[in-house]
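*Asks:* Need coordinates for the below:
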Amino acid sequence: MKKVKRLSGVIGSVLFSGAALANCDTHPENCIEVSQWEVSIALGAGVATNPLKDSDHSPLIVLPYVRYYSDRFFLDNTAIGYTFFDHRAFDVSWIAELNSEQAFFSRSRPGTLLRSNTLSPDISERVNLPQTDVNSGDNGADADGGDSVNPPNDVSVQVPVTDVEQNPNLAQQPSLTFDDLAKRKWAIDSGILAHWYISEQQKLTVKLLHDVRGIYKGFHGSVGYSYKLPFGDPKYAQLQFKVGVDYKDAKLGSYYYGITERDTELSHFRYQVDSTFNPYIGVAYNHKLSDSWQFKFTAKHQWLGSSIANSPIVDEGYTTSVFIGGLYAF
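*Replies:* Numbering: from 1, shown residues only. Modelled structure (predicted):
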């Protein structure tokens, strides 16, 4: 069966896979069979925090994961792509994926699942470990969007007393709640994803995407570095580290975290977001238990840029996701 290199890191963050410097014959853990569906599910306990005021954090309990790779085309949960340049040390792909920002404003179960998969894809990634004679296993770790659920309620921006005294109409609306805000829609982003496989343990990922539906009319990008440390002979476990930074332009930040004329006619409440850099760190550990089961622990912490963190609708200047449990591959 023909195999292709695994393009981990497609969705949202840098995932960890084997290096592409070695071919599939000598390092089969770096590859997957083409035209084969991979379906897995993570079962355990965890949480993904929500930085918005008076919002609910997302529980991470049951998380499905689906992917499919052909020679060039691939599907990876909420992303699709096409690899048009594939070298031993580099690969470049076109991808289209769901933007995860709106998930912070959704309380629906589908919104929670999308947020979990787009913000914390490491949870459902299966680490492919080399084939052995016994207990061999795989290695491996946000349509029109207008039907989103109303955001959480009762987050207020206080009106100074002086403004109320000067304009009695403000006294009738002393605060601005989420019910007053316009709905934030799901956006679809498209652009370039590139990997540089520095060594068998190290990988650099660069991504640059823009809004193709005209929802926020902007773009964002990311740069991430990952390092993996396998254990055992043959390899049965893997510890993974990552560090990186996400860039969000002012149009994206203002659409989701700003307050504009679409939300209220009162100019006092207006807030514009500047472009921001959001650094993150992460760690993950996979331990093979059987052909189908792996123990999985993953954690990621991301700091929000000051312009987003200072928004009146943002309560915390960071997001964190933690998960511990088992990963089952069908």
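*Asks:* Give me the below-cutoff pLDDT ranges for the stretch 1-150 of the chain.
*Replies:* Scanning the stretch 1-150 of the chain for pLDDT under 70 picks out 1-34, 107-150.
*Asks:* Repeat the analysis, applying 50 as the threshold.
*Replies:* In the predicted model, the stretch 1-150 of the chain carries pLDDT under 50 at residues 1-2, 7-23, 25-30, 118-121, 123-124, 132-150.
*Asks:* before we move on, what about the stretch 151-300 of the chain?
*Replies:* If you take pLDDT under 50 as the line, the stretch 151-300 of the chain has these spans: 151-166, 168-174.
*Asks:* any chance you could map the helices in it?
*Replies:* Counting by DSSP state H, counting those that start in this stretch, the stretch 151-300 of the chain has helices at residues 161-166, 250-257.
*Asks:* Contacts for the longest one, please.
*Replies:* Counting by CB atoms under 8 Å, 6 or more residues apart in numbering, helix 250-257 makes contact with 101-102, 104-105, 184, 211, 215-220, 260, 272-276, 305, 307-308, 311, 313-314, all of which sit outside it. For the C-beta atoms, the positions are set from N, CA and C on the backbone; glycine is no exception.
*Asks:* Could you pick out which of those residues are located in strands?
*Replies:* For these, membership in strands holds for 211, 219-220, 276, with DSSP state E as the criterion.
*Asks:* so which of these is the most crowded?
*Replies:* Counting neighbours by other CB atoms under 10 Å, His220 leads those with 24 neighbours.
*Asks:* got the contact list for that one?
*Replies:* 189, 209-210, 246-249, 252.
*Asks:* and Val212, how many neighbours does it have?
*Replies:* Applying other CB under 10 Å, we find 12 residues neighbouring Val212.
*Asks:* can you give me phi and psi for it?
*Replies:* Backbone torsions for Val212, taken as degrees, to the nearest 10, come to phi -90, psi -10.
*Asks:* how near is it to Asp189?
*Replies:* Applying CB to CB, to the nearest Å, the value for Val212 to Asp189 is 7 Å.
*Asks:* shared neighbours, the two?
*Replies:* Residues touching both Val212 and Asp189 (CB under 8 Å, 6+ apart) are Ala96.
*Asks:* In CSV, list the contacts of His220 along with distance to Gly325 and neighbour count.
*Replies:* As requested, these are arranged in CSV below (distance: CB to CB, whole Å; neighbours: other CB atoms under 10 Å):
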residue, distance to Gly325, neighbour count
Asp189, 29, 25
Leu209, 30, 20
His210, 35, 17
Asp246, 26, 20
Tyr247, 32, 17
Lys248, 30, 27
Asp249, 36, 19
Leu252, 32, 27
